[in-house]
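Colleague: test case, fold it:
(2 chains)
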There are 2 protein chains.
Amino acid sequence: MIGIDWGTSSFRAYRLDAGGCVIARLDLPAGILGIPEGGFPAALLEAIAPWLADGETQVLLCGMVGSRQGWVEAPYLPCPTGAAEIAAAAIPLPFAGARCRLLPGLSTRDAAGVPDVMRGEETKLVGLLAALGDAEALVCLPGTHSKWARLAGGRITAFATQMTGELRAVLLQHSILGRLAAPGRSEAAFLRGVARAREAGGLLHHAFGTRALGLHGELAPEEAESYLSGLLIGHEVLAAGANGHTLGAIHLAGSDALAARYALAFDALGLGCVRHDDDIVARGLALLSERLPG
Amino acid sequence: MIGIDWGTSSFRAYRLDAGGCVIARLDLPAGILGIPEGGFPAALLEAIAPWLADGETQVLLCGMVGSRQGWVEAPYLPCPTGAAEIAAAAIPLPFAGARCRLLPGLSTRDAAGVPDVMRGEETKLVGLLAALGDAEALVCLPGTHSKWARLAGGRITAFATQMTGELRAVLLQHSILGRLAAPGRSEAAFLRGVARAREAGGLLHHAFGTRALGLHGELAPEEAESYLSGLLIGHEVLAAGANGHTLGAIHLAGSDALAARYALAFDALGLGCVRHDDDIVARGLALLSERLPG
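Modeller: This next block holds a predicted model:
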């Protein structure tokens, strides 16, 4: 089968064998925001035509392609939920004679009743559920909008979004903090930022400190990005942990570079973590494909 | 004398009588970022030529005009400090035959040794000191970069910046949160945001909730800006208060619309406040002018 994770800014397709193993993968910068209205079937066909010609007939999509700005809007499925319900809520899409389905996103509400949403990450979580079984677990999927999910009894019970990656990008590109920053990476500066997040004053104050440290010559321009990343990730992790985490090591899955930064932050904050392959989304797509109705 | 608060995006000039009362004021959108290199004397002359022609000979400047991007860089004066030291650190500027001086900014360090800076707000604080005498006080000067200062013994002992206004602007203009927002003001939505800031999850999570609420039809597009403002101001106030505030009512000085929002947030959070006129900067300029050396 062909499994696709189609997000806001990227398109990732997997060709999977009957056992759910990845035979081939395709990464394109063709996120949904770049697809003209009505252009989704053509864009998909262009990307996966060789696999279809080679005999594949099953296509399963997840991600922002199911949002209001996507191909078709798929409703959000409320938590708690699991693989069976997610598969059952898949929507059939007419596409090139294939059996093509679109997975729903998930919604949740916190103790105060405030909603949250995800699209695409539910499929990663299904992939993780297969590995974690019925155990209780706290999962961190870092990104533009990081998702922190709770798993228990083989189901996704709740989650919370932290818009860390997007805030980092807008601060560096559009705020005064970007003016003193030069390209560069520094693990030491990143860890300084993580440590700063534990101190009093709050995120809005700590972020400004990036500039004040720069003006005082106590943070080099090449260190500013890493320091700010450490600050924001530190605040994210502490806020997510403030929900009363007693679930042991955090399960972490993301791109190599980003997961490595989160693992560093966890370590600095005295939290254990278990890293998973970022391709768990392929595993989730394969598992959900098996459970599709009719 | 002529007192000038020249900031990043605005120019405000006051003509003051011998008693420090405002005779005339001038507001121009001529912030320092719009002044070409070497163009400061000409821009200033154009703005205040009529007052100079009318016999004024003393000109005192404060604000970002003393920053690296301004006319001349004036060093930061470290806290604790008071009016006498600030006046003594003024820098003479050659300008149109007048006695023209540029005030320094202030710097401070928190308990962890992290620096912070201000330029222009120190002059407002001097204006407040005249009203508050030797009393201990916590002051909030809201804005693009809000300043929270502590006064004691007639001096400015410490301060902290919260980059609330700038974060609000970049989130609305450049992040996904702006896409669901439409122009509009709602006091109820603002107060919902303030109340949300008290709950678990942190700012990075609460901010994303603006979008999730919108997607669920639980926050109208016309309410999104006010809700986000309430969230950010709520987080700012709680973080500033988290420093162990036991100083009674908060002294608040800012533009009418912004100060009204902060007063609402203080009230919702059970904090008392005393409002001061935004033109305290004119009072500070007059007081500092009297103390200029030689």
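Colleague: how many other residues sit next to residue A:156?
Modeller: By other Cβ atoms under 10 Å in any protein chain shown, 27 other residues sit near residue A:156. Using the backbone N, CA and C atoms, a C-beta is placed for each residue, glycine as well.
Colleague: secondary structure class of it, three-state.
Modeller: Using DSSP: H, G, I helix; E, B strand; the rest coil, the secondary structure recorded for residue A:156 is strand.
Colleague: what's near enough to touch it?
Modeller: By Cβ atoms under 8 Å, 6 or more residues apart in numbering or on different chains, the contact set of residue A:156 is A:79, A:80, A:81, A:82, A:106, A:122, A:125, A:129, A:149, A:150.
Colleague: which one of those residues is nearest to chain B?
Modeller: Set against chain B, the nearest of the contacts of residue A:156 by Cβ to the nearest Cβ is residue A:106 (11.4 Å).
Colleague: can you count the residues close to the closest residue to the closest one other than its chain neighbours?
Modeller: Residue nearest to residue A:106 in three dimensions, not counting chain neighbours: residue A:122, with 4.6 Å by Cβ to Cβ, 6 or more residues apart in numbering or on different chains. Using other Cβ under 10 Å, residue A:122 has 28 other residues around it.
Colleague: for the stretch 1-150 of chain A, just list every one of the strands.
Modeller: A:2-6, A:11-16, A:22-28, A:58-62, A:76-78, A:91-93, A:99-102, A:105-109, A:115-118, A:137-141, A:146-152 (DSSP state E, counting those that start in this stretch).
Colleague: and for the fifth one, what are the contacting residues?
Modeller: Looking back up the chat, that one is strand A:76-78. So strand A:76-78 is contacted by A:85, A:86, A:89, A:104, A:105, A:106, A:107, A:108, A:109, A:117, A:122, B:215 (Cβ under 8 Å, 6+ apart).
Colleague: phi, psi for the fourth one please.
Modeller: Just to be clear, that refers to residue A:104. phi -80, psi 160 (degrees, to the nearest 10).
Colleague: correct me, but it touches residue A:86?
Modeller: Yes: when contacts are counted by Cβ atoms under 8 Å, residue A:104 is listed as touching residue A:86 (6.5 Å).
Colleague: anything in contact with each of the two?
Modeller: A:77, A:122.
Colleague: still on that earlier bit, neighbour-wise, give me the winner out of the contacts of residue A:156.
Modeller: Busiest of the contacts of residue A:156 [other Cβ under 10 Å] is residue A:125, holding 30 neighbours.
Colleague: OK, contacts around that one?
Modeller: A:139, A:141, A:149, A:151, A:156, A:284.
Colleague: and the pLDDT for the nearest residue to residue A:76 once chain neighbours are set aside?
Modeller: Nearest non-adjacent residue to residue A:76, counting by Cβ to Cβ, 6+ apart: residue A:107, 3.8 Å away. Reported pLDDT at residue A:107 in the predicted model: 98.
Colleague: what sits against residue A:272?
Modeller: A:248, A:249, A:250, A:266.
Colleague: redo these as CSV? Include pLDDT.
Modeller: Formatted as CSV, these follow (pLDDT from 0 to 100):
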residue, pLDDT
A:248, 80
A:249, 90
A:250, 94
A:266, 95
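Colleague: among those residues, name the ones in strands.
Modeller: Applying DSSP state E to those, the entries found in strands are residue A:250.
Colleague: and the contacts of residue A:272, which two are furthest apart?
Modeller: Greatest spatial distance in those: A:248 and A:266, 12.2 Å, computed using Cβ to Cβ.
Colleague: one step back: surely the residue nearest to residue A:106 and residue A:103 touch.
Modeller: Yes: at 7.2 Å, residue A:122 counts as touching residue A:103 under the criterion of Cβ under 8 Å.
Colleague: mind listing the shared neighbours of these two?
Modeller: Counting by Cβ under 8 Å, 6+ apart, the residues touching both residue A:122 and residue A:103 are A:62, A:86.
Colleague: can you show me the CA trace of the helix ranked longest in chain A as CSV?
Modeller: For chain A, the helix with the greatest residue count under DSSP state H is helix A:221-241. Only the C-alpha atoms of helix A:221-241 are listed here, as CSV (Å, rounded to 0.1, in the frame of the first residue of the first chain):
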residue,chain,number,x,y,z
PRO,A,221,25.3,36.6,17.6
GLU,A,222,26.1,33.0,16.5
GLU,A,223,24.7,31.7,19.9
ALA,A,224,21.4,33.6,19.8
GLU,A,225,19.4,31.1,17.8
SER,A,226,20.5,28.2,20.0
TYR,A,227,19.9,30.1,23.2
LEU,A,228,16.4,31.1,22.1
SER,A,229,15.7,27.4,21.1
GLY,A,230,16.8,26.3,24.5
LEU,A,231,14.6,28.8,26.2
LEU,A,232,11.5,27.9,24.2
ILE,A,233,12.0,24.1,24.4
GLY,A,234,12.8,24.5,28.1
HIS,A,235,9.5,26.4,28.7
GLU,A,236,7.7,23.8,26.6
VAL,A,237,9.0,20.8,28.5
LEU,A,238,8.4,22.4,31.9
ALA,A,239,4.8,23.5,31.0
ALA,A,240,4.0,20.0,29.6
GLY,A,241,5.5,18.4,32.7
